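Peer 1: dropping the sequence and predicted coords here.
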2 protein chains.
Amino acid sequence: MQFSRRRFLNQVGAAGGSAAVYQMALALGLMSGDARAAGRTTPGATPAAGLVPQLKGARRSVVMLGGGLSSLMAAYELERAGYDCTVLEAGHRIGGRNLTLRSGDLVDEMGHQQRCNFDDDPNLYMNAGPARIPVHHYYLVNYCRHLGVQLETFTNVNYNAWVQDPNAFGGKPVRFRQYITDARGFIAELSAKAINTSDLDAEFSTEDLERIIAFLRSYGDLDTDLLYRGSNRGGYQQPGVLAPTAGMLEHGHVHERLDFSEILKSDFWQYRMYFGDGEDQAAPLLQPVGGMDRIVDAFVASIRSPMLTHAQVKSIRLKEEGVSVVYQHKGRHREIQADYALNCIPKHLLVGIDNNFPSEYTTALRSIGRGRMFKIGIQMKERFWENENIYGGISWTNQNIEQIWYPPHNVHGRKGVMLGAYTWNPANAEFFARMNPEERFAEAVRQGANVHPDYARYAETAVSVPWHRMNHIMGCTAMWTEETRRQYFTYLQTPLNDRHFMMGDQISYHPGWQEGAFSSAHHSLSELGKRVSAELGGAA
Amino acid sequence: MQFSRRRFLNQVGAAGGSAAVYQMALALGLMSGDARAAGRTTPGATPAAGLVPQLKGARRSVVMLGGGLSSLMAAYELERAGYDCTVLEAGHRIGGRNLTLRSGDLVDEMGHQQRCNFDDDPNLYMNAGPARIPVHHYYLVNYCRHLGVQLETFTNVNYNAWVQDPNAFGGKPVRFRQYITDARGFIAELSAKAINTSDLDAEFSTEDLERIIAFLRSYGDLDTDLLYRGSNRGGYQQPGVLAPTAGMLEHGHVHERLDFSEILKSDFWQYRMYFGDGEDQAAPLLQPVGGMDRIVDAFVASIRSPMLTHAQVKSIRLKEEGVSVVYQHKGRHREIQADYALNCIPKHLLVGIDNNFPSEYTTALRSIGRGRMFKIGIQMKERFWENENIYGGISWTNQNIEQIWYPPHNVHGRKGVMLGAYTWNPANAEFFARMNPEERFAEAVRQGANVHPDYARYAETAVSVPWHRMNHIMGCTAMWTEETRRQYFTYLQTPLNDRHFMMGDQISYHPGWQEGAFSSAHHSLSELGKRVSAELGGAA
């Protein structure tokens, strides 16, 4: 049984450190060939080389509190620079919200422990946490490269996916392709008309005004008379039995235009229509082959320092010369003394742990909101979406499920795991969190059927993750306001006593992104490095 | 030496048919595991099942003239329905313009036979012909599925790729991301202003007008006062040594806006800016793992009928009861009699072959223009583009090279094969075709350096394909006009004498697309099926 094998591994890890876990995992066949390829680091400098001084004769110890990505990056870099490292993780696994669920995995939700019942197949997984790699996320991409994590193209925007809104088009889903084409057509037509009748001559030359109108023609695919009459960008109608060859053996018939007032009634254009133009959302995006936690696997396989799971921090005490941390492990309290502590424990859990922090620090930690997000992964017995010309990407609805994601990998495979819901609105996360896992499954399928009528017929099993209900995590993501940023961000970035460093995506401008965690680790390592350099002078 | 091994295979094919080629190719190690996996057809009906009647007692023979995709589809379907099939191909290989070039391959260009000197590596290939699979191309996608051709995501639009125009921004390349963001911002600002000052109240309710303005805000990422002040959609500036964490540990600084008049001066917005919204160009797109000719491999591995290469058609004679074809093979003229001929020989070559077609048929064939396109593939010793955050997609320039493509597969591999030019303007194809291969390589590198300054440093070897100079092909793609479509399209789709069927993407509304070829085969099979059914009555 996979779960107990994995639990066993955590115990091996507690005893022997990650290298032991990795070797044991290979022996148990729990890691795929890809995961084995990962962990073969490329020669040359690590991505964050140089942030901390290389220790030569000196010794320095660092304890990482919490086993999230920022701790993994810090442990990896510090270990290579000669520091003694220990990672303490309260939960049953390393990786934080970088969580990929596969056959047999445990979902450690408060009150609803679930087992993932997906088939045992390397393509059938759910990235319950982060699922996209924007290519300008420097550390994320470069650790993947450095640690040998194989990457593949991830599809974010899919013109064939659906837009569904109960308040428009009678609730009937329309293709993104058609929606965006027609919306742009109407707007371009209107804008061209308004610009042509406006008095902009003072501002622009005739030549430029002509170009602006030409630009709008191109934008909206307008006719020469500047009217929008539909566009093949929206796709061709499939006329009856000749459907396969629509537009191939004749001119093709473009779709009837959507009603502009219906488009305006839907709220899709308010932000999600341009979602795929966002800084972190625009193509190209990547994903690790086999699941996002290949990144965690690769770090774990490359770190020799002890990384304990089921090691819950009970007390953090700043001392004159370092930090003392008490944690519970195997039923006993243990104490670890270190020169430095790097801490990525979620701020809302940290405030409940005994400490001797200044009260302003606690006030600052408490000021950051605790976000709520929900994902449900559904194993579908057929990849029915491919019969709808959908390969990867997202359908959008303003039901509680908000998003349906289709896996971009294993094209034309037999089964697939989709996201049946991914909620950004906290009320929707709450809506699902209040249900038990079976109810969530039923509700996600019920709502999904408004996008894909035959949805229920394919749904086999589901696993759901309300992040604000997950043990040892209890939130996603940190919610800063302009006000709290101004007041506390720099303060919380600054090490307490020069010894205790707050970390994680929670201490970044990109909460919820892996790069936020890495960037925060970058900052902490850099600050720690300055202090060690100062202490050691030329002796490092 | 690979080339002679491949030639040997063609001879094996001539003697023993494709199954012999396939077995021999496996024995010689010329096919990868992927290609081996292909050819395992899925159970159930073929994608075009039912277009021709299944022969029971009766016999019918069909000769396919030309070994392009339409012939492969036709042979595959007819063979399964019990017809006696033969494919005659003049060139040294089956597949037509579905051509993937790898280490050792021959480029059979008139006057410039080239050998492809890419390293022998399954990731280092150039799709010299079609390179994208739009997912609504029914037959293309479904033959891949049916024949077990493994597909992966293809990246077409890349927001990080470059737009370079000598007439704008001083010839300096700008990121697509920045170009499109700023162009939209300016246009949205202008449109909102014009709409606000226009007299549209009669046409729209106040509520709708508010929504239209809100739509433009979303489109252009305008501020609340409807001004465009830059947007993080365009990406953040990378401030000095902290570059890796730009926007991660602070608000981030958006790029300075591009000058709108410079944007208007460039011609990118005229059509290429919205290229990725096109019917056949919008995401998602797919490509076969390992190269486009995996599709050809899969057909070849699945067809048992003889497919002869180096078999040049010399004469086509329509007879009372069938078609007589004379072809040259191994230095001798041979004759084949068949009940039907399906002909995908390029129309401009066909008119030079002895025939007894009506003169109007020849006039019709001559009326279709012969397109010119050019591609050059360059093996780069490092995947330098990935250091520029480019993973797949296209950079655009209005130099002769027009496009630079980056391979979407083998992310973070060592080397890569890029397209150093892909020309749509016939004058640009001619510009390169007039040079010898070494000059083309040098010129493509020289122009590419205006997009990537260090380009030359990475370029190792190149192979170039001017399609209008390739033996037995001599054109790409068929150029129809509204006038010739009206006059001749249906006529050329109609079988001559009920016996001779013109085929190929040339007889479709999608010349240059594989789906055009398949759709044309669909049409021919369907027409042939009707005739056979009529002949056989209930006897089929």
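Peer 2: The structure has been received and is ready for your questions.
Peer 1: CA only for contacts and neighbour counts going forward, please
Peer 2: Noted.
Peer 1: residue A:375 looks like it's in a strand, true?
Peer 2: Yes: applying DSSP: H, G, I helix; E, B strand; the rest coil, one finds residue A:375 inside a strand.
Peer 1: residues near it, how many?
Peer 2: Neighbour count for residue A:375, taken as other CA atoms under 10 Å in any protein chain shown: 25.
Peer 1: excluding chain neighbours, what is closest to it?
Peer 2: In space, and not counting its chain neighbours, residue A:375 is closest to residue A:422: 4.6 Å by CA to CA, 6 or more residues apart in numbering or on different chains.
Peer 1: model confidence over the helix or strand containing the one you found, on average?
Peer 2: Following DSSP states H and E, one finds residue A:422 within strand A:416-423. Averaging pLDDT along strand A:416-423 gives 98.
Peer 1: next one: stretch A:523-540
Peer 2: If you average the pLDDT over stretch A:523-540, you get 88.
Peer 1: return the set of buried residues in that stretch.
Peer 2: Buried residues in stretch A:523-540, counted by 16 or more other CA atoms under 10 Å in any protein chain shown: A:523-529, A:531-533.
Peer 1: reformat the residues you listed as JSON lines; add distance to residue B:462.
Peer 2: JSON lines is the format used below for the buried residues of stretch A:523-540 (distance: CA to CA, whole Å):
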{"residue": "A:523", "distance to residue B:462": "44"}
{"residue": "A:524", "distance to residue B:462": "47"}
{"residue": "A:525", "distance to residue B:462": "45"}
{"residue": "A:526", "distance to residue B:462": "44"}
{"residue": "A:527", "distance to residue B:462": "48"}
{"residue": "A:528", "distance to residue B:462": "49"}
{"residue": "A:529", "distance to residue B:462": "47"}
{"residue": "A:531", "distance to residue B:462": "52"}
{"residue": "A:532", "distance to residue B:462": "51"}
{"residue": "A:533", "distance to residue B:462": "50"}
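Peer 1: quick one, what contacts the closest residue to residue A:489 other than its chain neighbours?
Peer 2: Closest residue to residue A:489 apart from its sequence neighbours, by CA to CA, 6+ apart: residue A:507 at 7.2 Å. For residue A:507, the contact set (CA atoms under 8 Å, 6 or more residues apart in numbering or on different chains) comprises A:489, A:492-493, A:516-517, A:520, B:249.
Peer 1: any idea which of those is closest to residue A:116?
Peer 2: Ranked by distance to residue A:116 (CA to CA), the contacts of residue A:507 are led by residue A:517 at 26.7 Å.
Peer 1: surely residue A:353 and residue A:325 touch.
Peer 2: No: Residue A:353 is not in contact with residue A:325 according to CA atoms under 8 Å; the separation is 10.7 Å.
Peer 1: neighbour count for these two, which is higher?
Peer 2: Using other CA under 10 Å, the more surrounded residue of residue A:353 and residue A:325 is residue A:325, with 21 against 13.
Peer 1: pull the helix or strand where that one lies out as PDB, backbone CA atoms only.
Peer 2: Here residue A:325 sits within strand A:322-329, counting by DSSP H and E. Taking C-alpha atoms only, strand A:322-329 is exported to PDB below (Å, rounded to 0.1, in the frame of the first residue of the first chain):
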ATOM      1  CA  GLY A 322      21.900  32.000  18.200                       C
ATOM      2  CA  VAL A 323      18.500  30.400  18.300                       C
ATOM      3  CA  SER A 324      17.100  27.600  20.300                       C
ATOM      4  CA  VAL A 325      14.200  25.600  18.900                       C
ATOM      5  CA  VAL A 326      12.200  22.900  20.700                       C
ATOM      6  CA  TYR A 327      10.300  20.500  18.500                       C
ATOM      7  CA  GLN A 328       8.300  17.400  19.100                       C
ATOM      8  CA  HIS A 329       9.300  14.200  17.300                       C
END
